[in-house]
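Peer 1: give the three-dimensional model of this entry:
(chains A, B, C and D)
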2 protein chains.
Amino acid sequence: MTIEGRMASIHEPRMHSMCGHDPQEAEMFRSILSRIGDKWSVMLVGMLHEGPLRFTELKQMTSGISAKMLAHTLRQLERDGLVEREIFAEIPPRVVYRSTPLGKSLAVPIMAVAEWASAHQAEIAGNRDRYDAVPDSGA
Amino acid sequence: MTIEGRMASIHEPRMHSMCGHDPQEAEMFRSILSRIGDKWSVMLVGMLHEGPLRFTELKQMTSGISAKMLAHTLRQLERDGLVEREIFAEIPPRVVYRSTPLGKSLAVPIMAVAEWASAHQAEIAGNRDRYDAVPDSGA
DNA sequence: TAACCGGGTTACGTTCACGTAACCGGGGGT
DNA sequence: ACCCCCGGTTACGTGAACGTAACCCGGTTA
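Peer 2: Residues are numbered from 1 along each chain as shown, chains lettered A, B, ... in the order given. As a prediction, the model looks like this:
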């Protein structure tokens, strides 16, 4: 390993940890990232992070989501153990969703990405515009 | 705001920052998250983080990727300014891809998510198995 | 009786991510 | 002459993600 390589390994994260490895771990890793990349999961985790909410409350707060996607996304989150579903056997019955400790722990790195995205969104938008404006790239 | 609410707002990230806002910013945010959630981007950013690589080198290192998806993903990354493409006008011509400073800065929060995923993957896998084993959920 | 709400489910269609396979153009190896 | 390498592009097909609209059941309201 070169001097530069050694210095880099001290100051830089070892990104390679998420590529090689055994294929099963890579698949797992991918599926977690996919959840972060999907349209509603991060938003829902964010809302539930601040307190439990009912299905209809989530639907109203999350402008644009359909009942189908809300139910589906909540099932996925529940399957992963990021969210809990509680049914109150009352009349009328009531359902609340709440973030689990695992879900809350995910909020931390998610926020890091969110802050990066927020900090660089203008730069990325500019890059995109510039790239799309170059004739031999965009068209 | 309640006492609990105030204390929470001190200790916990304000996830709400990524939901409301204006729709254009939300769209931008979503598109960045999608890139993180897609199948190859994170892996490629990780590889290029450690040094520039040629198309064929990336293809060989990234087991399973097709030339099409590699080219496509690299174009997207290049469009966003996360990766640079350099063509050496030699004979034979040579193309190298390298991470930009923006790309390297993304590696930091990505690593935080990667470490979270690595730390909790067994727990999530267990949650998934348990959920899928319950007859009224999985089937 | 009719209409509405809560918490969904089902059917259906579209778009997009991703995969496979074939092709291409210039150069080099044998 | 022939095929391979590099760096892709193009055509085509599949399944997943996402959207809309309709429906459902038990209970309450008017």
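Peer 1: near DNA strand D, which residues of chain A are found?
Peer 2: On the criterion CB under 7 Å from any atom of the strand, DNA strand D has as its neighbours in chain A the residues A:34, A:38-40, A:64-69, A:73, A:91-92. All C-beta spots, glycine's among them, are computed from the backbone N, C-alpha and C.
Peer 1: drop anything exposed from these.
Peer 2: Neighbour-count burial (16 or more other CB atoms under 10 Å in any protein chain shown) is assigned, among the residues of chain A next to DNA strand D, to A:Ser34, A:Asp38, A:Trp40, A:Ile65, A:Thr73.
Peer 1: so the second one makes contact with B:Ile36?
Peer 2: Meaning A:Asp38. No. Under the criterion of CB atoms under 8 Å, A:Asp38 makes no contact with B:Ile36, lying 10.9 Å away.
Peer 1: near chain B at all, the helix or strand harbouring A:Leu44?
Peer 2: When elements are assigned from DSSP states H and E, A:Leu44 belongs to helix A:41-49. Yes. For a cut-off given as CB under 8 Å from any CB of the partner chain, helix A:41-49 has contacts with chain B, namely A:Val42, A:Met43, A:Val45, A:Gly46, A:Met47, A:His49.
Peer 1: among those, name the buried ones.
Peer 2: Burial by neighbour count, judged by 16+ other CB under 10 Å, picks out A:Val42, A:Met43, A:Val45, A:Gly46, A:Met47, A:His49 from the residues of helix A:41-49 next to chain B.
Peer 1: skip the chain neighbours and tell me the closest residue to the residue nearest in space to the middle of chain A.
Peer 2: For chain A, the residue sitting closest to the mean C-alpha position, by CA atoms, centre = their mean, is A:Ile36 at 2.4 Å. In space, and not counting its chain neighbours, A:Ile36 is closest to B:Gly37: 5.4 Å by CB to CB, 6 or more residues apart in numbering or on different chains.
Peer 1: distance of the one you found from A:Glu50?
Peer 2: B:Gly37 is 23 Å from A:Glu50, where distance means CB to CB, to the nearest Å.
Peer 1: who's more crowded, the two?
Peer 2: Between B:Gly37 and A:Glu50, counted using other CB atoms under 10 Å in any protein chain shown, B:Gly37 has the larger neighbour count: 21 against 16.
Peer 1: check contacts around the more buried one.
Peer 2: Each residue near B:Gly37 by CB atoms under 8 Å, 6 or more residues apart in numbering or on different chains is listed here: A:Leu33, A:Ser34, A:Arg35, A:Ile36, A:Gly37, A:Asp38.
Peer 1: which of those sits closest to DNA strand D?
Peer 2: Of all these, the one sitting nearest DNA strand D is A:Asp38; the distance, using CB to the nearest atom of the strand, is 4.0 Å.
Peer 1: so what's that closest one scoring on pLDDT?
Peer 2: At A:Asp38, the model reports a pLDDT of 94.
Peer 1: the one 3 residues further on now?
Peer 2: Residue-level confidence at A:Ser41 comes out at 96, pLDDT.
Peer 1: and the residue lying closest to it once chain neighbours are set aside, what's its pLDDT?
Peer 2: Setting aside the residues directly before and after it, A:Ser41 is nearest to A:Arg35 in space (CB to CB, 6+ apart), at 5.0 Å. Note on A:Arg35: pLDDT of 93.
Peer 1: which element is A:Arg35 on?
Peer 2: Counting by DSSP H and E, A:Arg35 is part of helix A:23-37.
Peer 1: any idea of the angle that helix forms with helix B:23-37?
Peer 2: Using axes from the mean of the first three to the mean of the last three CA atoms, to 10 degrees, the inter-axis angle of helix A:23-37 relative to helix B:23-37 is 180 degrees.
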